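In: Could you look at this predicted model? Sequence included:
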Amino acid sequence: MSSLTPRLAAIRDLFAARGAEQYTGEPVSHLEHALQCALQAEQEGADDTLICAALLHDLGHLLHDLGETPSAQGVDDVHQYRVVPFLRGLFPDAVIDAIQRHVNAKRYLCATRPEYYAALSEDSKRSLVLQGGVFSTEQALAFLQEPGASDAVRLRVWDDRAKQAGLATPDLDHYLQYASRCALLH
């Protein structure tokens, strides 16, 4: 994809440099996880902004090196916040809000869907504790009032399903086209 802006090219380069690393505690790489999540968004008819958020929701993991499986070391890497300065000014709030809230969407889903917690991977259960645990009823209701909360819940469901070893997906350039279409023009 030759027509990428420098900042979109930087995202592609970050995936090229670190995307092959194993996604913490899961049977896929970071890039495979991102592509699978974007594929699910695309298959469910999400708009460009939500497909872009699905692709980039865990990019914050690639912006630092805390070693393999930080949650096993008792570390919350706050990837959902770490990525915001990297994306701010490039994408509209709709993209950033969904990304920033996808961790709290896990806390919300655990509080509102009894079967959801049981289906989480072991690493997701471990990181849930580090991320503040299951929401109380009051926290869950407050979360729904935040910008992008409903999109973050959709994104979170795709996130949890995007961990299938060997699943065929379109390539990164395919999904960077969505990112390019929803990027802010200067």
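Out: Looks like it came in fine.
In: residues touching Leu144, list them.
Out: Shown in contact with Leu144 (Cβ atoms under 8 Å, 6 or more residues apart in numbering): 108, 150. C-beta coordinates here come from the backbone N, C-alpha and C atoms, glycine included.
In: which ones are touching the most centrally placed residue in the chain?
Out: Nearest residue to the geometric centre of the chain (Cα atoms, centre = their mean): His57, 2.3 Å. Contact analysis of His57 by Cβ under 8 Å, 6+ apart lists 34, 37, 80, 98-99, 102, 155, 159.
In: Quick one: the residues you listed as a markdown table, columns for pLDDT, secondary structure and neighbour count too.
Out: Output for the contacts of His57, formatted as a markdown table (pLDDT from 0 to 100; DSSP: H, G, I helix; E, B strand; the rest coil; neighbours: other Cβ atoms under 10 Å):
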| residue | pLDDT | secondary structure | neighbour count |
| --- | --- | --- | --- |
| Ala34 | 97 | helix | 27 |
| Cys37 | 98 | helix | 29 |
| Gln80 | 61 | helix | 24 |
| Ala98 | 97 | helix | 30 |
| Ile99 | 94 | helix | 29 |
| His102 | 93 | helix | 26 |
| Leu155 | 97 | helix | 25 |
| Asp159 | 93 | helix | 23 |
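In: If we only consider these, which is nearest to Glu26?
Out: Nearest to Glu26, judged by Cβ to Cβ, of those is Asp159 at 10.7 Å.
In: residues contacting the closest one?
Out: Going by Cβ under 8 Å, 6+ apart, Asp159 touches 37, 54, 57-58, 102.
In: how about 6 Å then?
Out: Cys37 (Cβ atoms under 6 Å, 6 or more residues apart in numbering).
In: try the one 10 residues further on
Out: Thr169 is in contact with 35-36, 39, counting by Cβ under 6 Å, 6+ apart.
In: circling back: nearest to Gln131, out of the contacts of His57: which one, please.
Out: The closest of the contacts of His57 to Gln131 turns out to be Gln80 (Cβ to Cβ; 8.8 Å).
In: List the contacts of the helix or strand encompassing Arg101.
Out: For Arg101, the host element (DSSP states H and E) is helix 93-112. Outside helix 93-112, the residues that touch it by Cβ under 6 Å, 6+ apart are 49, 52-53, 57, 80, 87, 116-117, 131, 134-135, 140, 143, 147-149, 151-153, 155-156.
In: Good, we can wrap up now.
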